[in-house]
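**Q** Give me the fold of what follows.
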Amino acid sequence: MAKTHVTMRVNGSEVEGLVEPRTLLVHFIRENLALTGTHIGCETTHCGACTVDLDGMSVKSCTVFAVQAEGSEITTIEGIANADGTLSALQEGFRQMHGLQCGFCTPGMIVRAHRLLKENPTPSEEEIRFGIAGNLCRCTGYQNIVKAIQYAAAKINGTEFREAAE
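**A** Just a heads-up that it's a prediction; the model follows:
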């Protein structure tokens, strides 16, 4: 099969490669760019482990062909950290609030939460739960993931994080 040349910006850097037209974006990211933080879960859009930010929208990269991302701006989990390499508020929140267990869903969950907080910097618990509904976690029960996102929102907004009474 003939290969197609693709160019895009991933985590702020211009990247390019040759791909078969059927190559999924998740495979291009992992195999061509060696950015293995984006996980392959179900490959049917149900789990969200492969979530990336594509041109300002959360997308499941198992449903996008790499050729469709031509000229796009993409952020993967590797691009979420602060420019100086320190943890972002979200990454810190997941660490501080124990928002992960096995960690398989975590990259996609953090990338989705990153977009959620860009769109709504002060989400309610209900808005967080709705916002991450397309990302499945089989370990945590979501409570600590919600707390992690609330923690990050408070930190980003310069307000004090207060855990709700359980």
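
**Q** Any idea how many residues pack against residue 122?
**A** By other C-beta atoms under 10 Å, 12 other residues sit near residue 122. Quick note: C-beta positions are derived from backbone N, CA and C, even for glycine.

**Q** again, but for residue 97
**A** 20.

**Q** need the contact list for it.
**A** Neighbouring residues of residue 97 by C-beta atoms under 8 Å, 6 or more residues apart in numbering: 144, 147, 148, 151.

**Q** out of those residues, who has the most neighbours?
**A** Going by other C-beta under 10 Å, residue 148 tops the contacts of residue 97 with 28 neighbours.

**Q** Neighbours of the closest residue to that residue other than its chain neighbours, how many?
**A** Leaving aside its sequence neighbours, residue 148 sits nearest to residue 99 (C-beta to C-beta, 6 or more residues apart in numbering; 3.3 Å). Neighbourhood size, residue 99 [other C-beta under 10 Å]: 27.

**Q** again, but for residue 133
**A** Residue 133 has 11 nearby residues by other C-beta under 10 Å.

**Q** sec struct for it, please.
**A** coil (DSSP: H, G, I helix; E, B strand; the rest coil).

**Q** For it, give me the pLDDT.
**A** Note for residue 133: predicted pLDDT of 96.

**Q** One more: residue 138?
**A** With respect to pLDDT, residue 138 has a value of 90.

**Q** Great, nothing more from me.
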